[in-house]
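S.K.: The sequence and its predicted three-dimensional model are supplied below.
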Amino acid sequence: NTAKQQTDFAILRLGWIGNRNNHTIDKYFERNYAECKRLGIPVGVYVYVYSSSTEATKSGANWTVEKLKEKNLELPVYIDMEDASISKLGKDTLTEMVFEFNKIIESSGRWAGVYANKNWFDNYLHKDQIKKRFTTWIAHYGINQNTYNGQYDILQYSDKGSIAGINGKVDMNIMYRDLIGEIKGNTT
C-alpha cells in the first residue's frame with residue numbers, strides 16, 4: 001500500500017519478442033499486474049523487441065495480443081526498441097517493425113506506443129513519423145523533468161529511483177499527456 005501512495009501509474013514488462021517465435025513472458029508479469037490491479041494503480045505494458053525481421057515482430061505482436069486477452073489496461077502497449085543486436089537493420093526497417101507491431105496492437109482495440117532511449121529515437125528510428133502516429137515514451141536519464149514536455153508523452157528520467165514497499169531500484173517516469181483520461185474517454 002505504501003507503493004500506491006507514491007505511484008500514479010505503472011508500465012510493466014510483458015516480456016521479450018525474439019526470432020523463430022521464441023517469445024518469452026516476464027516471470028513477474030502476472031504478479032506485478034495482479035498487485036497493480038489490487039492497489040488500483042493504472043497499468044500499461046511494454047514488450048522488449050530483439051527480433052530481426054518484420055515477420056517475427058508481427059508474430060510477437062500477435063503473441064502480445066494473446067497474452068493480454070483477459071487484461072484490462074489503462075495505458076498503452078509499448079514496443080521497446082533499443083536492442084543493439086538489431087540496430088544494424090536501419091531506420092526504414094526498424095520503423096516498419098514499429099508500425100507493423102503497433103497496427104496489430106491497435107486492431108485488438110488497444111492503444112499502441114513506442115518506447116526508446118534518446119539515442120534510438122534520434123539515430124535508429126524515423127521519430128517524426130512515429131510521433132505523428134503513436135504515443136511516445138523516451139528514456140533520457142539525469143535531465144530536467146520538463147525537457148521533453150510537448151515532444152514526447154512520457155519521459156523516463158531515472159533508473160535509480162526508490163519507492164517504499166518495492167525492493168531494489170525502479171525506473172522513474174513523468175507523464176506529460178493525460179493518456180489515462182484519453183484512453184478512458186476512448187479518444188484517438
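M.R.: Happy to help now that I have it.

S.K.: give me every residue that touches residue 129.
M.R.: Each residue near residue 129 by CB atoms under 8 Å, 6 or more residues apart in numbering is listed here: residue 95. Using the backbone N, CA and C atoms, a C-beta is placed for each residue, glycine as well.

S.K.: Wasn't it part of a helix?
M.R.: Yes - assessed with DSSP: H, G, I helix; E, B strand; the rest coil, residue 129 lies in a helix.

S.K.: what are the C-alpha coordinates of the lengthiest helix in the chain, in CSV please?
M.R.: Across the chain, the longest stretch assigned as helix under DSSP state H is helix 91-107. C-alpha atoms of helix 91-107 as CSV (Å, rounded to 0.1, in the frame of the first residue of the first chain):
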residue,chain,number,x,y,z
LYS,A,91,15.8,3.3,-39.8
ASP,A,92,13.4,2.1,-42.5
THR,A,93,13.2,-1.5,-41.4
LEU,A,94,13.1,-0.6,-37.6
THR,A,95,10.4,1.9,-38.2
GLU,A,96,8.4,-0.5,-40.3
MET,A,97,8.7,-3.1,-37.5
VAL,A,98,7.3,-0.5,-35.1
PHE,A,99,4.4,0.3,-37.4
GLU,A,100,3.5,-3.4,-38.1
PHE,A,101,3.7,-4.3,-34.4
ASN,A,102,1.5,-1.3,-33.4
LYS,A,103,-1.1,-1.9,-36.1
ILE,A,104,-1.7,-5.3,-34.7
ILE,A,105,-2.0,-4.0,-31.2
GLU,A,106,-4.4,-1.3,-32.3
SER,A,107,-6.5,-3.8,-34.2
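
S.K.: average model confidence for it?
M.R.: Mean pLDDT, computed over helix 91-107, is 98.

S.K.: and it, what other elements does it pack with?
M.R.: strand 43-49, helix 54-67, strand 77-80, strand 112-117, helix 127-133 (3 or more CB pairs under 8 Å, 6 or more residues apart in numbering; DSSP states H and E).

S.K.: Look up how far residue 47 lies from the spatially most central residue of the chain.
M.R.: Geometric centre of the chain, nearest residue: residue 78, 2.9 Å, by CA atoms, centre = their mean. In this view, residue 78 and residue 47 are 7 Å apart by CB to CB, to the nearest Å.

S.K.: Please apply the same query to residue 54.
M.R.: Distance from residue 54 to residue 47, by CB to CB: 15 Å.

S.K.: what about those two, which has more around it?
M.R.: residue 47 (26 against 17; other CB atoms under 10 Å).

S.K.: Please list all residues in contact with the more buried one.
M.R.: 13-17, 60, 64, 77-80, 101.

S.K.: Of these, just the buried ones, ChimeraX syntax please.
M.R.: Applying 16 or more other CB atoms under 10 Å to the contacts of residue 47 leaves a buried subset, and the ChimeraX line that selects it is:
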select :13,14,15,16,17,60,64,77,78,79,80,101
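
S.K.: pLDDT score for residue 165?
M.R.: 68.
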